[in-house]
Structure formats: structure tokens, C-alpha cells
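> Okay, sequence plus prediction incoming.
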Amino acid sequence: MPSVNRRRLFLLAGFGLLAALLAACSRTEPASAATSGAQVLRLSQRNEPGDLDPATAAIPDEFFIIRALSEGLVSPSPDGGAPLPAAAERWAISPDGLTYTFHLRAAARWSNGEPVTAQDFVDSYHRLLTPATAATKASLFFLVKNAEAFYRGTLADFAAVGFRARDALTLDVTLAQPAPQFLAYAASGPWIPINPRAVARFGQDWTRPGHFVGNGPFTLVEWRAHQRIVVRRRADYWDAAHVLLAELQFLAFDNGDAEERAFRAGQVDVTMAVPVTKLAPYAREQPAVLRRVPLHETRYLALNTRRAPLDDVRVRRALALALDRDALVGHVLQGGQTPARHFVPEQLSGFASRAALREDAAEARGLLAAAGFPGGVGFPRLELTGWDKTPILEAVQAMWRKELGIEVAIATRDARVHAVALQEGRYDLGFIAAIPEVADAADLLADFATGAPRNYPQWSDARYDALLAEAARTGDAAQRLALLAAAEARLTEECPVVPLYFNAKNFLLRPAVRGWQEDALWTRFYKDVSRQENDTMRP
């Protein structure tokens, strides 16, 4: 996760299929002599990681690998429940709900043999919150006392931020106000620590094989760009008894068809996706290998509000109301996705939307005419960009042509190039995936606050900002959710973004793999996963 702000870009989600490949057999090498085939799990990888730094990682593909190499104070639970102990074996909460005291494991070690200390966590968070690091998810720390002020440069002394190493194994985290959701934030990817000494020694190269020092169950042994990344089991990891696999191989594929062919040929055990054309055949002929996970992920269009005519709310609403989302998910995607007529996914930790877009092509045409473009006459030819020539972009293009009489061009870019263009505002209409780091509507809605790093529409609305700020201050859970719902209603009214659908992940899993789990936030869980010697699946 280099210093350019990129993320949710996977945000770019779905993202499917974009990285360069390890084309099937010819580039897939056998497991090393130290590991048998049964102990090696081969996972398809779509997007080439920029690096493996938890402070700047932007896409799930990067965190798939980071979570194999390192762990935070607590970790997500596979069943979606309360976070589980990880580097911290236990914690206590002060009576006023402001201070969390984490007790680290005495047996925890970095992969170079050093003990994991409370000061390592303090140093990691100091680095992440330092503006020069350009951490795209720094807002996940703003529950901590003075963290936002330090990040924004209004506070110079990090000692005033709510992190304190009481001793080598005791870390105090003091919040700005009580926040029952705090542990979920502490379980998110950016809270994973780095080894400060390795970073100081190797600089930007600290994430390379031979330099990477992590505190997780695996260690990095190989990284061939656009081919494969290999991590190997650590015998000295504190919970090694639950790490059953000797090696994980993340194999790169440039498209879904190549990935699916490799699965059929027995060269990959877990895929990232399934081509739409193959969903029905697998469901009919091999249902045991087809898996589906509903996601807390919103696929949407960002509208650059700094460019005319997208600076006119009537134009933005016309674009939003002219789309048939039922057709998008039912006829184009066909993979269990659901229409999104508001931004926050349904049932996200108790959040309930109170406003939704009314799909109405006639009203959309009226709005466009009122903005000065009757029947689309005079409307400029805008560009709709994405990271892959997905049929969704073509479907949106066709709907706008039919209902509004306007033409948009489609352009596809490398995922990272697309991310940078969005960040810098060099686009008209951008296809994006919003994936929360935690199951909290505030994490998604914060992206559109004035000046937020991922405010790709470059939208600013004082009323919206005030609602988010009030939600952050309140200690009443019900009132907080009501304020967040009001903020989302304002977002829906102003339409700087056009939600399209809530995503679902369809993937293939070999029968030989046991214990595999994924959650709605794109987290994979590697403990207690095994691979049997005898794979009965026919090629």
C-alpha cells in the first residue's frame, strides 16, 4: 500500500480479475520439497499487491496476504460475532468505557524471533497517523483520543494521543468518548502492527521477502510480481497448533476464465470468482464446489461534482433515477447480488436506511430537461471508467442512451491507475466498490465527508458533515444509528454517488479443502483449514 491513496477500490471490487497471470500449468511450479501437496493451499489472486503494509493497503487482495503474515490486537470472528483475542490474549474496559487495557501474549514473537511488545503497537499507530504515511484508512483510528487531531496536524505531540505502553505487555488505548463498536475497529486490517525496526532498517523495501517481519502464522518466502506470492507456516507462532497448512500460494490470474480453467485442471484450490456464464453449469452439475457469500459491499458510480454538468444535482439525480437495478442484477450479474437504491448495505450492524431512490425514467427525463438538456440534446459526452470492461458498464451505458438520450464513453484502466485517477479527480464517472473495514455504517458514510481521502466525488455538504459529526459524538447507540440514517438520506437526496447493487461473492472450492471460511467483509480465515491428500473432484 504505497503512499498514494487507493483502497476501497477494490474498491474496485469485484474487482475482479485483473492482475497479471500465472497462466495455468506452464507457470505454476510444484510445491517445494519441504511441503507436500496436501499441506499446500493454492489460492487465486486477481490484483497484484502494491505492497503489504497494513497502514497503506487499499484492496482486499492485499489484506488476504497481510492477515496470513500478521495479526492485530484482536481479530474478526469467522461467524461475524464479537472480535476474538489475537496478539492480545485478554483486555479490560474502564468503568467509564473510555480506556481499553490490552494484555499481550508473552509467547507472541515476531518472525525474526523478537518479542511482540506494547511499544511496537504504539510505534505502528504513530507511523500510521503521521500524515506523511498517507494512510487511506486513518479514520479507523479516530475513535481514539486526539488521533484525528494528530493526523490532521492540529496536534504535534503524539504523547497526547490515547496510546500508552504501560509496560512491555500492557497497552492502554483511551477513546475520545465511549464507543461500544471500538473492538470491531481494532480488529480491522489497518490496526495490524508493523515491526518498527524492520521498517527503519529496510525503508520501503521492508515488505519484500527476506525483509518482511510479521507476527502472524505465516512468513513471506516468495514474491514474483504478477505470478505468485508464497507464505510458509511458522513453527514458533503462538497458536501454531491451529495452523494446519504448511504453505499458502497466491497465484495471479488475469481474468476469470483463466482462473476457472486452472481450477478445472487442478491447479488452484480456491478461486476469487466464477465467470457469469459458468454459474448455472456449476450450480447444475457440480453444486458442491460452488460457494456464495453475500457481502457488505456496495458497487456504485462516483460522479465528479467538480465537473459540469455533474455539479448540478438535477443531472446527478437524473442519472440515478434512469437505471433499472433489477435488470442489472437479474439479467447482467445473475450471481445473487441485490439492487442498491441507497448506499449502506442492508442489515449492517443494526443500521436501517430511511430513504431510497425511486427509479423513474420519466422523472429522470424531466430533471435532465430542467437542467437544460431536453432529450439529452447538448449533453456532453462524458467518460465512464472502471478497472475491467464489465458488462455492468455497458448495461449502464445502454440504459442512459435509451432513457435519457445521452451517450457516455467507456474506458477501462489498470486497477491502480484507476484508483489514482479517482483520488486525484481525473475522471467524470467512476465505477467503484465500497467495502467497509468494519460492520459499521459510519465507516462507509465517512468517505463522503468534506475532505475525506476517499471522497472521490469531491462533494462537500455542511448538513451531511454535521450529521456525521453529531453521530460521532453521541454515546447513545440508537441516536447514533438515527443520525447515520439521516446522513445517508442526505447522500441519497444529493446523489454525488449512484448506488447500483450490493455485491455477493461466488467462488469455487475444491472438496479436498476443509474448514474454509470467509465473511461479508472479504476476510479470509486460515486457521483450522486443511487440505486432504485425496481430491475426488474430477477435472
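Right, received. Where do you want to start? Numbering: from 1, shown residues only.
> for the stretch 401-539 of the chain, what spans make up the strands?
For the stretch 401-539 of the chain, the strands defined by DSSP state E, counting those that start in this stretch cover 408-412, 429-434, 497-508, 513-514, 517-518, 524-525, 530-531.
> Identify, out of those strands, the most deeply packed stretch.
Burial of the strands of the stretch 401-539 of the chain is given as mean neighbour count (mean count of other C-beta atoms under 10 Å); strand 429-434 ranks first at a mean of 27. Heads up, the C-betas are built off the backbone N, CA and C, glycines and all.
> other SSEs contacting that strand?
Strand 429-434 makes packing contacts with strand 290-303, strand 382-386, helix 415-424 when contacts are defined by 3 or more C-beta pairs under 8 Å, 6 or more residues apart in numbering; DSSP states H and E.
> So which elements touch whatever helix or strand comes next after the longest one?
It refers to strand 290-303. Elements were assigned by DSSP states H and E; along the chain past strand 290-303, the next helix or strand is helix 313-321. Where contact means 3+ C-beta pairs under 8 Å, 6+ apart, helix 313-321 is packed against strand 290-303, helix 361-370, helix 391-404, strand 497-508.
> For Arg224, find the nearest of the ones you listed.
Shortest separation from Arg224 across the helices and strands packed on helix 313-321 is recorded for strand 497-508, at 23.2 Å, computed as C-beta to C-beta.
> now the closest one: mean pLDDT?
Mean pLDDT, taken over the full extent of strand 497-508, equals 97.
> Just want the angle from that strand to helix 313-321.
In terms of direction (axes from the mean of the first three to the mean of the last three C-alpha atoms, to 10 degrees), strand 497-508 departs from helix 313-321 by 30 degrees.
> got the angle for strand 497-508 vs strand 429-434?
In terms of direction (the same axes, to 10 degrees), strand 497-508 departs from strand 429-434 by 50 degrees.
> counting contacts, what elements does strand 497-508 pack onto?
Other elements packing on strand 497-508 under the criterion 3+ C-beta pairs under 8 Å, 6+ apart are strand 290-303, helix 313-321, strand 338-339.
> Can you list the buried residues in the first one?
Read that as strand 290-303. Buried residues in strand 290-303, counted by 16 or more other C-beta atoms under 10 Å: 290-291, 294-303.
> Ok, stretch 438-452 next?
Of the residues in stretch 438-452, 438-449, 452 count as buried by neighbour count, 16+ other C-beta under 10 Å.
> related to what we said a few turns ago, need the strands of the stretch 401-539 of the chain in TSV with distance to Ala165, can you?
As requested, the strands of the stretch 401-539 of the chain are arranged in TSV below (distance: least, C-beta to C-beta, whole Å):
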stretch	distance to Ala165
strand 408-412	47
strand 429-434	35
strand 497-508	39
strand 513-514	40
strand 517-518	33
strand 524-525	29
strand 530-531	37
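> which stretch among the ones you listed comes nearest Asp61?
Go through those one by one with C-beta to C-beta and the one that ends up closest to Asp61 is strand 524-525, at 10.7 Å.
> where exactly do the helices run in the stretch 151-300 of the chain?
In order along the chain, the stretch 151-300 of the chain carries the following helices (DSSP state H, counting those that start in this stretch): 182-186, 196-202, 256-264, 276-285.
> how about CSV for the helices and strands packed on helix 313-321, with distance to Pro339 added?
Shown next, in CSV, are those (distance: least, C-beta to C-beta, whole Å):
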stretch, distance to Pro339
strand 290-303, 11
helix 361-370, 15
helix 391-404, 12
strand 497-508, 6
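> Out of the strands of the stretch 401-539 of the chain, which is closest to Phe202?
strand 524-525 (26.7 Å).
> what's in contact with that closest one?
With C-beta atoms under 8 Å, 6 or more residues apart in numbering as the contact definition, strand 524-525 has outside contacts at 64, 67, 76, 78, 517-519.
> Apply 6 Å and report the result again.
By C-beta atoms under 6 Å, 6 or more residues apart in numbering, the surrounding residues in contact with strand 524-525 are 64, 78, 517-518.
> Now tabulate those in CSV and tack on distance to Asp360 and pLDDT.
Rendered in CSV, the data for those read as follows (distance: C-beta to C-beta, whole Å; pLDDT from 0 to 100):
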residue, distance to Asp360, pLDDT
Phe64, 41, 97
Pro78, 42, 92
Gln517, 41, 96
Glu518, 37, 94
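> Which of these sits closest to Asp120?
Closest approach between the contacts of strand 524-525 and Asp120, by C-beta to C-beta: Phe64, at 23.1 Å.
> so who does the closest one touch?
Under the criterion of C-beta under 6 Å, 6+ apart, the contact list for Phe64 reads Arg524.
> picking that back up, out of the contacts of strand 524-525, what pair is the most spread apart?
Of all pairs drawn from the contacts of strand 524-525, the greatest distance, 14.7 Å, lies between Phe64 and Pro78 (C-beta to C-beta).
> burial measure for the closest residue to Val313 other than its chain neighbours, as a count.
In space, Val313 comes closest to Glu494 once its chain neighbours are excluded; the distance is 5.8 Å by C-beta to C-beta, 6 or more residues apart in numbering. Using other C-beta atoms under 10 Å, Glu494 has 18 neighbouring residues.
> any idea how far Glu494 lies from Asp312?
Shown here: Glu494 relative to Asp312, a distance of 11 Å by C-beta to C-beta, to the nearest Å.
> got it, and Glu488?
When C-beta to C-beta is the yardstick, Glu488 and Asp312 sit 22 Å from each other.
> And those two? Which one has more around it.
Neighbour comparison, Glu488 and Asp312: the larger count goes to Glu488, with 25 against 17 (by other C-beta under 10 Å).
> What does the pLDDT read for the more buried one?
Each residue has a pLDDT score; the one for Glu488 is 98.
> I figured Phe431 hits Asp388, correct?
No - Phe431 lies out of contact with Asp388 (C-beta atoms under 6 Å); the separation is 8.9 Å.
> that older thread, which one of the strands of the stretch 401-539 of the chain lies closest to Phe351?
For the strands of the stretch 401-539 of the chain, distance to Phe351 was read as C-beta to C-beta. The smallest value, 12.9 Å, belongs to strand 497-508.
> contact partners of the closest one?
Contacts to strand 497-508, defined as C-beta under 6 Å, 6+ apart, come from residues 263, 271, 274, 289, 291-295, 297-302, 319-320, 329, 335-340, 343, 345.
> Direction included, what does that strand pair against?
When pairing is defined by DSSP bridges, strand 497-508 lines up against strand 290-303 (antiparallel), strand 338-339 (antiparallel).
> got those as CSV, with distance to His211 columns?
Putting those into CSV (distance: least, C-beta to C-beta, whole Å) gives the following:
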stretch, distance to His211
strand 290-303, 33
strand 338-339, 43
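> Quick one: closest of these to Gly425.
Ranking the strands paired with strand 497-508 by their distance to Gly425 (criterion: C-beta to C-beta) puts strand 290-303 first, at 9.9 Å.
> so how far is stretch 107-117 off the chain centroid?
Taking C-alpha atoms, centre = their mean, to the nearest Å, one finds the center of stretch 107-117 at 28 Å from the center of the full chain.
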